[in-house]
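Trainee: pasting the sequence and the predicted coordinates here, then a few questions.
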Amino acid sequence: MAARMKLKLKTVFVLYFMVSLMGLVYALMQLGQRCDCTEHDLPKERTISRLRGELHRLQEQMRKSEATKQPQKQPAKPSLPTIFVITPTYARLVQKAELTRLSQTLLHVPQLHWILVEDSPHKTPLVTDFLAKSGLSYTHLHTPTPKDRKLQEGDPSWLKPRGAEQRNEGLRWLREDRRAQQGADSQQGVVYFADDDNTYSLQLFEEMRNTQRVSVWPVGLVGGMRYERPVVEGGKVVRFHTGWRPSRPFPLDMAGFAVSLRLVLDNQDACFDGDAPMGFLESSFLQGLVTMDELEPKADNCSKVLVWHTRTEKPKMKREEALQAQGLGSDTAVEV
């Protein structure tokens, strides 16, 4: 097809050249002559008319050929590795607000699957309806935290590890689901543990997408500090900037690392220890997967903060409680 097109174009150019040349020769022959040239003009005009007709015919053929030409298939772009986000959640007044904020961030991330795990003996209508309307690719799971591991009213948030059972349930589902899938693509991806009260930059998800083993980065507003981060020298993590027990195997916040899916699948027993001492929950999972020398620093060698360990203030309900005592409380059928 391309060769034919080139030949036709060449013919058109030759015809144009011939018509122009003949016109020029004719003009030169007539210079300085005064005669009735009607008899001489007639054959030339016929030739020119014939050439113009041929030119018009070729142009029409080219136009039709362009209209029917099939577009060339573009080579398929390699698919992005899927980011599997595992998020524990539990019932509280701000739960829907937190999930709304996080889901609307995740909506902007291509090729992402959200695994939302409720700390509950059953799936709640609030979360079920929320996920159905979220527009995200998701999996809805649930598993309760044992009573002896639950924080009691008034306990500080750091007293006991939180979300261990829910994260482990997410890992269990992910391993079973991937085992059931066929093809090499089912082994490609990244696993990230995103709490529902943190704040995430979209850039963070692109930083983690090509994780080979375990990638790491700073986390802002955590541990009583402006940020905690791995310290990088020569492209390698050599220590950690943290204010509390830097001697821990991996003094990282849960939001500060991502793990390749293949590494998770190759280490079926890797999980979070719900009985881990304070501050050791992350280390209990990472110790069997990676060494410090194998960590992959992201976010410009761990110099940029792309995730923040934020917490929503617990709402004060004194006026609500006073109205309830009078039988005038807010309608509980209105979902908050």
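Mentor: Received, thanks.

Trainee: which residues in the stretch 1-150 of the chain form strands?
Mentor: Remark: strands assigned in the stretch 1-150 of the chain by DSSP state E, counting those that start in this stretch are 83-89, 112-118, 137-142.

Trainee: right, and the ones you listed - which one's nearest P230?
Mentor: strand 83-89 (20.5 Å; Cβ to Cβ). In this view, the C-beta of every residue, glycine as well, is placed from N, C-alpha and C.

Trainee: listing partners with orientation, what would you give for the closest one?
Mentor: Strand pairing for strand 83-89, determined by DSSP bridges: strand 112-118 (parallel), strand 190-193 (parallel).

Trainee: centre of the chain versus it, how much separation?
Mentor: Centroid separation for strand 83-89 versus its chain: 14 Å, with Cα atoms, centre = their mean, to the nearest Å.

Trainee: ok and it relative to strand 137-142, angle-wise?
Mentor: 30 degrees (axes from the mean of the first three to the mean of the last three Cα atoms, to 10 degrees).

Trainee: returning to what we had before: quick one, which of the strands of the stretch 1-150 of the chain is nearest to E296?
Mentor: Nearest of the strands of the stretch 1-150 of the chain (Cβ to Cβ): strand 83-89, 15.2 Å.

Trainee: any chance you could list what contacts that closest one?
Mentor: Strand 83-89 has contacts (Cβ atoms under 8 Å, 6 or more residues apart in numbering) with 95, 98-99, 102, 106, 109, 111-119, 127, 162-163, 166-167, 170-171, 174, 189-196, 205, 208-209, 258, 261.

Trainee: just the buried residues of these.
Mentor: 95, 98-99, 102, 106, 109, 112-119, 127, 162-163, 166-167, 170-171, 174, 189-196, 205, 208-209, 258, 261 (16 or more other Cβ atoms under 10 Å).

Trainee: measure D331 to F130 for me?
Mentor: 19 Å (Cβ to Cβ, to the nearest Å).

Trainee: where along the stretch 151-300 of the chain do the strands fall?
Mentor: Using DSSP E, counting those that start in this stretch, strands in the stretch 151-300 of the chain cover 190-193, 199-200, 214-216, 219-222, 225-233, 236-241, 257-260, 296-297.

Trainee: low-confidence stretches in the stretch 1-150 of the chain?
Mentor: Within the stretch 1-150 of the chain, the set of residues satisfying pLDDT under 70 comprises 1-45, 48, 64-78.

Trainee: show the end-to-end separation of stretch 287-303, please.
Mentor: Using Cα to Cα, to the nearest Å, the end-to-end distance of stretch 287-303 comes to 24 Å.

Trainee: wait, what's in contact with G163?
Mentor: By Cβ under 8 Å, 6+ apart, the contact list for G163 reads 88, 119, 195, 254, 272.

Trainee: ok, the fourth one touching D195?
Mentor: Yes. Taking Cβ atoms under 8 Å as the definition, M254 is a contact partner of D195 at 6.4 Å.

Trainee: out of D331 and F130, which sits in the more crowded spot?
Mentor: Taking neighbours as other Cβ atoms under 10 Å, D331 and F130 compare with F130 leading, 20 against 5.
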